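3D, please:
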Amino acid sequence: MNRYAARGVMIVGSLLLAAVATACSASTPVAESSQAVSSETPANVLQFGPLYTVEDVPDPVVARTLEGAETTGAPAVSAEIRGYLVDWVIPSETGMAIKELAVMKDGTSYRLPSMMRPAAAFGQQAPARLEPESSAEARVREAAVAVAHEAVKDMAPQFSSATPVVFNYLVRINLADGTVVDVWVDPDVGGNRFFYDIVLERLDD
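Numbers count the residues shown, from 1 in each chain. All right, here's what the predicted structure looks like:
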């Protein structure tokens, strides 16, 4: 092989290596993106938090609850949304039938004694949630309600077609003395409607 032929082979080889390297580098972001999407599973979403310090509360539901809730006298240091009161309503022979659960951010569901229901009056529309709601808060709320909807479908199939509606938020306030205050509030935290000491019964008990 003369030197011109050898040089041609080297140039072609270099071009092939460059093409391969370019293809590999271009495929890397796609692989990372696919992995990020596939890892967004309910197990990763269903968890408590975020916890807001009283000096920085961007969520207006938590902020307004802190302003109006009663505490033991110790100053509040932080607060968070822990769960939701969710209703499923369908028509019935007597008007409407309802299934109601307290749904926590970790995906667990609870029953409430009927006489301790903190939600708005039965049959009325739920108030609109105070905005803004962060994407993190929205994501965990949607995931928790979806898990509860599957549980409702299993135990009461007639409610499968009902759209779950959030009527209340459970806000936990952490105090400086180490105690906590759990408060149920309407989504708009309006009308001085603060409910305390609501008894919950684990759904699977």
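
contacting residues for the spatially closest residue to Ala69 that is not a sequence neighbour?
For Ala69, ignoring the flanking residues on the chain, the nearest one in space by CB to CB, 6 or more residues apart in numbering is Val183 at 4.7 Å. From N, CA and C alone the C-beta is placed, and that goes for glycine too. Counting by CB atoms under 8 Å, 6 or more residues apart in numbering, Val183 touches 65, 69, 170-173, 194-196.

From Lys99, how far out is Val183?
Plainly put, Val183 is 24 Å away from Lys99 if you go by CB to CB, to the nearest Å.

How about Leu203?
11 Å.

Tell me the buried residues within the contacts of Val183.
Neighbour-count burial (16 or more other CB atoms under 10 Å) is assigned, among the contacts of Val183, to 65, 69, 170-173, 194-195.

Just want the most central residue of the chain.
Nearest to the geometric centre of the chain sits Val140, at 1.7 Å (CA atoms, centre = their mean).

Name the next helix or strand downstream of the host helix or strand of it, please.
Using DSSP states H and E, Val140 falls within helix 135-155. Remark: after helix 135-155, the chain's next helix or strand is strand 165-175, criterion DSSP H and E.

got TSV for the buried ones among the contacts of Val183, with distance to Ala144 too?
As requested, these are arranged in TSV below (distance: CB to CB, whole Å):
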residue	distance to Ala144
Thr65	19
Ala69	22
Leu170	11
Val171	15
Arg172	15
Ile173	20
Phe194	22
Phe195	20
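
quick revisit: quick check: which element contains the residue nearest to Ala69?
strand 180-185.

Name the strands paired with that strand and say parallel or antiparallel.
strand 165-175 (antiparallel), strand 194-196 (antiparallel) (DSSP bridges).

nearest to Val89, of these?
Of all the strands paired with strand 180-185, the one in closest proximity to Val89, counting by CB to CB, is strand 165-175 (7.5 Å).

Check the offset of that closest one from the chain's centre.
12 Å (CA atoms, centre = their mean, to the nearest Å).

what's the answer for stretch 171-180, then?
Mean C-alpha position of stretch 171-180 versus that of the full chain (CA atoms, centre = their mean) differs by 21 Å.

Convert the C-alpha atoms of it to PDB, please.
Only the C-alpha atoms of stretch 171-180 are listed here, as PDB (Å, rounded to 0.1, in the frame of the first residue of the first chain):
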ATOM      1  CA  VAL A 171     -52.700  20.600  57.900                       C
ATOM      2  CA  ARG A 172     -50.300  19.600  60.700                       C
ATOM      3  CA  ILE A 173     -48.700  22.400  62.700                       C
ATOM      4  CA  ASN A 174     -45.500  21.600  64.600                       C
ATOM      5  CA  LEU A 175     -44.900  23.600  67.800                       C
ATOM      6  CA  ALA A 176     -41.800  24.700  69.500                       C
ATOM      7  CA  ASP A 177     -42.500  22.500  72.500                       C
ATOM      8  CA  GLY A 178     -42.500  19.300  70.300                       C
ATOM      9  CA  THR A 179     -46.300  18.900  70.100                       C
ATOM     10  CA  VAL A 180     -48.400  19.000  67.000                       C
END
